[in-house]
Every structure is written in C-alpha cells, then in structure tokens.
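Colleague: Sequence plus predicted model, see below.
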Amino acid sequence: MLGVADLDLFAPGLNFIFGQAQVNGLATVMALPRLRPAFYGEAPDWDRFVQRSRKEAVHELGHTYGLAHCPIPTCVMHFLNTLAVTDRKSDRFCPRHGLQLRQALDRFSAPARQVPGG
C-alpha cells in the first residue's frame, strides 16, 4: 500500500523525508511538497514533478519488497537525499534489483503449499 501525503514529512534524526517504507512490510508513504520545483521557488513544472513522484513511489514500494539501497546512481533504489540525485537516477531497477524484485514477486504470488496432515 502506498500512501501519498501532500504535506512535508519528517522522521527522527532527519531534516525531512521524501518517503519512508516498512522494509518487507505492507505500507509506505511519500511526501509530495519537496518534489515540486515550486517548493524551491522555481517555475512550476508538471512533468518534472510527475517524474520525481514516480521515482519516489517505485523506490519506496521497492523497500516493501525487501530491496535495499543501491550504489548504482541510475538505479531507482539508489539512496536519494537531494533532488539532484532524484533527477539523475532512472525510474527503473538495475539488473540486480530487478532480479530481486522478480524473486520477491514470485514468492508473493506462489500458491500456498499444502502442509501434510493439514
């Protein structure tokens, strides 16, 4: 489940967050205000806002499937703490995280096994 908040969010020990997820959990949340160019006094840019929002949503949902941060700067799972990093990275997974996501989805969608005597 992805929660979308149109308000600034903060977490203990951090100035602000773009989003936060329960790793291997069921829920994540993302905050929209700091993804908007207008937040920083720039001209409104709908396409850039949508692009940033998509990357943040995919990133946080990746955590719910157990994916960790990635050292590859173009991977959507790359840790971001600035919009410059967000703008440079892709909305796609690197090969390693793509494989991990496929494996997680396979485990999630596999039919329940019958327990002997159950």
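Modeller: Perfect, I can see it now.
Colleague: From here on, just use CA atoms for contacts and neighbour counts.
Modeller: Noted.
Colleague: contact partners of the longest helix along the chain?
Modeller: Among the segments of the chain that qualify as a helix by DSSP state H, the longest is helix 46-64. Here helix 46-64 makes contact (CA atoms under 8 Å, 6 or more residues apart in numbering) with 2, 18-30, 32, 35-37, 68, 76-77, 86-87, 90-91, 101.
Colleague: if we go to 6 Å?
Modeller: Contact partners of helix 46-64, identified using CA atoms under 6 Å, 6 or more residues apart in numbering, comprise 21-25, 35-36, 76-77, 91.
Colleague: among the residues you listed, which ones are buried?
Modeller: For the contacts of helix 46-64, a burial check counting by 16 or more other CA atoms under 10 Å picks out 21, 23, 35-36, 76-77, 91.
Colleague: how about the spatially closest residue to Pro71 that is not a sequence neighbour, what does it touch?
Modeller: Among residues not flanking Pro71 along the chain, His78 sits closest, at 6.0 Å (CA to CA, 6 or more residues apart in numbering). Contacts for His78 (CA under 6 Å, 6+ apart) come out as 69-71.
Colleague: repeat that with 8 Å
Modeller: Residues near His78 by CA under 8 Å, 6+ apart: 69-72, 89.
Colleague: Ok, Gln22 next?
Modeller: 28, 63-64.
Colleague: gap between it and Met1?
Modeller: Per CA to CA, to the nearest Å, Gln22 is found 10 Å from Met1.
Colleague: what touches both of these two?
Modeller: The contact sets of Gln22 and Met1 overlap at Thr28 (CA under 8 Å, 6+ apart).
Colleague: shaky segments in this structure?
Modeller: Counting by pLDDT under 70, the ranges of the chain that qualify are 110-118.
Colleague: same thing but at 90, please
Modeller: Applying pLDDT under 90 to the chain flags residues 11-17, 22, 79-86, 107-118.
Colleague: Show me which positions of whatever helix or strand Phe108 lives in end up buried.
Modeller: Element membership for Phe108, per DSSP states H and E: helix 95-109. Buried residues in helix 95-109, counted by 16+ other CA under 10 Å: 97, 100-101, 104.
Colleague: Export only the CA atoms of that helix, formatted as CSV.
Modeller: C-alpha atoms of helix 95-109 as CSV (Å, rounded to 0.1, in the frame of the first residue of the first chain):
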residue,chain,number,x,y,z
PRO,A,95,19.7,-5.8,-13.1
ARG,A,96,20.4,-6.9,-9.5
HIS,A,97,17.4,-5.2,-8.0
GLY,A,98,15.2,-6.2,-11.0
LEU,A,99,16.1,-9.8,-10.3
GLN,A,100,15.5,-9.4,-6.5
LEU,A,101,12.1,-7.8,-7.3
ARG,A,102,11.1,-10.7,-9.6
GLN,A,103,12.1,-13.2,-7.0
ALA,A,104,10.1,-11.4,-4.3
LEU,A,105,7.1,-11.2,-6.6
ASP,A,106,7.4,-14.9,-7.4
ARG,A,107,7.4,-15.7,-3.7
PHE,A,108,4.4,-13.4,-3.1
SER,A,109,2.4,-14.9,-5.9
